[in-house]
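# After the sequence you'll find the predicted model.
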Amino acid sequence: MTAIGWGQILLYCVIIVAITPALGAYMTRVFNGERTWLSPILRPVEIAIYKISGVDERQEQHAVIYTVGMLLFHVGGFLILYVLMRMQQWLPFNPAGQTAAAPDLSFNTAISFITNTNWQNYGGETTMSYLVQMLGLTHQNYLSAATGIALALALVRGFARHSVRTVGNFWVDVTRCTLYVLIPLCVPYALFLVWQGIPQTLSNYIDATTLEGGKQTIAIGPVASQIAIKMLGTNGGGFFNVNAAHPFENPTALSNFVQMISIFAIGAALTNVFGRMVGNQRQGWAILAAMGVLFIAAVVVCYAAEAHGNEALNALGLTGGNMEGKEVRFGIIASSLFAVITTAASCGAVNAMHDSFTAIGGMIPLINMQLGEVIVGGVGAGLYGMLLFVIVAIFVAGLMVGRTPEYVGKKIEAKEVKMAMLALLVLPLMYLGWTAVAMMVPSAVASMNNPGPHGFTEVLYAYVSQDANNGSAFAGLNGNTMFYNLSGAVAMFVGRFLMIIPAMAIAGSLAAKKSIPPSSGTFPTTGGLFVGLVVGVIVIVGGLTFFPALALGPIVEQLAQNAGTLFASN
């Protein structure tokens, strides 16, 4: 560990904290329907969209209608993306002549992108045409990100409003998020990436001659436009197979740093939106502080582990830290910081091989995802995930000290706690369950490229990543099989929507409640005690799922060996 490394971490945190109130203030005005500096340009476009689609922006929706609209919206997105991939060989903008993706891979990928997971069981430059990359994948990057933000807004309105039955209008929220937030941020961002050296072209792949006289095909394409939204929308799916480690996705140290900032920017700003909407910005800062405590702890552990390196290599004189699987242009600190950020924020983009991290260094991304990715988290998803933990923390505090379980003027009762726990328990049920099943299926075990505990961890990481809608991988696993494509799709679908539905039930319940003024029995929720309580609840609840996963490894491995013997004997 070096002073330069700690300086990068400090600079990163300072920039995120500085961005939060400015972007939060702007987004609050957007989602409240107030005039912004972009309104003269974008308001006519917004009105035209509503007129064409038949949406009345003044008509708000009950939480149930809001949720149903969101689900139907994603059904349409799934069908469009699936058809595009199955028909791409007959569609234009396919200079490399890519054939149709297999049905199971198309199914997995379509589910992956509508759930903001962007898990990829394929190499982008060798599988997807330009049209599918643009009209299919990039298109869903915008809409899945906008959906996450819209759902977070609905839950925030549940806390902010009282004695009403509506939580907003899904179609209006998605439109405003895309039109006023995502596109205005992504356009200059994409131009910056082009300046840094990322391609943005519809030209054919380039045939080059190497110094040795060999032939090489260099893949290019409309890359910058996809990278901009993949980072800002915490989508993470790469245009190229090696993602942000590819020089055409992340060419310089500056582009790497800006990409890390963009991953956290909107998610952090949404905490400020929460504070502004509930009428107390300190509430938003308290949530961001809880996120920050977990983030700093994760960065310190991961950076320390990678900077220390491997004992076996150190004994051979190969000191200086673990550089295996890392790009020289980024080094240990930028790779470690990126790994923590991308798994804390549900992004899943990678600039290094997580599978090559040290045992402790690789454990941190896994823990980040198992905690529910609430350390800033995905755009929108991180905030509503954190608010679920806040509900549990407030209820626990009320039980411990005998105070009324209240939060920002709303009484937290049994219904809200049950829904919060239901949403939080969906994740471990999926990734522990599917990992156990995979260890019992011979074809799934055969896809493991590494034996023993590390191979098991690769399978566990895959399901945790998909269930948490992250998308990163240890990558020592061949995931493009019928079993992993179908089971992974189920994990992604459940991890996204079976967490959203209880959260929306909470939003509707809270919006209908009366606002309760603070009293002597109200637990304060803007100080250090509250931050510590929330962090403690997250760690405890996360530990209840993480440590069983560790204990499950040897048990499942033995079961797999027994099953293998049984199948062999038959």
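The structure has been received and is ready for your questions.

# ok, V300 - how many residues close by?
Per other Cβ atoms under 10 Å, the neighbour tally for V300 reads 16. C-beta coordinates here come from the backbone N, C-alpha and C atoms, glycine included.

# Also the one 4 residues further on?
Summarising burial for A304: neighbours were counted as other Cβ under 10 Å, giving 14.

# again with N280
16.

# residues in contact with it?
For N280, the contact set (Cβ atoms under 8 Å, 6 or more residues apart in numbering) comprises 408, 526.

# Give me the pLDDT value at it.
pLDDT for N280: 91.

# before we move on, what about A473?
pLDDT, A473: 88.

# Verify the stated contact: A349 with K230.
Yes. Counting by Cβ atoms under 8 Å, A349 does reach K230; the two are 6.4 Å apart.

# Stretch 201-220 spans what distance, first to last residue?
7 Å (Cα to Cα, to the nearest Å).

# Correction: the previous question concerned stretch 95-111.
End-to-end distance for stretch 95-111: 26 Å, by Cα to Cα.

# In that stretch, which residues are buried?
Residues of stretch 95-111 classed as buried: 98, 100-102, 104-111 (neighbour count, 16 or more other Cβ atoms under 10 Å).

# hey, where'd the strands end up in this protein?
206-209, 215-218, 406-407, 410-411 (DSSP state E).

# Show me how far the second one is from its chain's centre.
Using Cα atoms, centre = their mean, to the nearest Å, we find the averaged C-alpha position of strand 215-218 to lie 33 Å away from the chain's own average C-alpha position.

# what are the pairing partners of that strand, and which direction each?
strand 206-209 (antiparallel) (DSSP bridges).

# Mind exporting the C-alpha coordinates of the partner strand to CSV?
Provided in CSV are the C-alpha atoms of strand 206-209 (Å, rounded to 0.1, in the frame of the first residue of the first chain):
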residue,chain,number,x,y,z
ILE,A,206,-10.3,-3.9,-39.1
ASP,A,207,-8.0,-6.6,-40.6
ALA,A,208,-4.4,-5.9,-39.5
THR,A,209,-1.0,-7.4,-40.0
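
# in it, what's buried?
Judged by neighbour count (16+ other Cβ under 10 Å), strand 206-209 contains no buried residues.

# from here on, count from 53
All right, first residue 53 from here; so that's strand 258-261.

# got a list of contacts for that strand?
By Cβ under 8 Å, 6+ apart, strand 258-261 touches 267-270, 272.

# Relative to the whole chain's centre, how far out is that strand?
36 Å.

# State the mean pLDDT of that strand.
Mean predicted confidence for strand 258-261 is 89.

# same deal with stretch 134-144?
For stretch 134-144, mean pLDDT is 93.

# before we move on, what about stretch 487-502?
88.

# Next, show the common contact partners of A401 and K282.
With Cβ under 8 Å, 6+ apart as the test, A401 and K282 both reach 288-290.

# For those, give me JSON lines that also has distance to T578 and pLDDT.
Shown next, in JSON lines, are the shared contacts of A401 and K282 (distance: Cβ to Cβ, whole Å; pLDDT from 0 to 100):
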{"residue": "G288", "distance to T578": "33", "pLDDT": "87"}
{"residue": "G289", "distance to T578": "37", "pLDDT": "86"}
{"residue": "G290", "distance to T578": "40", "pLDDT": "87"}
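
# Check the residues you listed against R328 and report the nearest one.
Of all the shared contacts of A401 and K282, G288 has the smallest distance to R328: 28.2 Å, by Cβ to Cβ.

# how near is the closest one to I553?
24 Å (Cβ to Cβ, to the nearest Å).

# neighbour count winner among those two?
In this view G288 and I553 are compared by other Cβ under 10 Å, and G288 has more residues nearby, 30 against 17.
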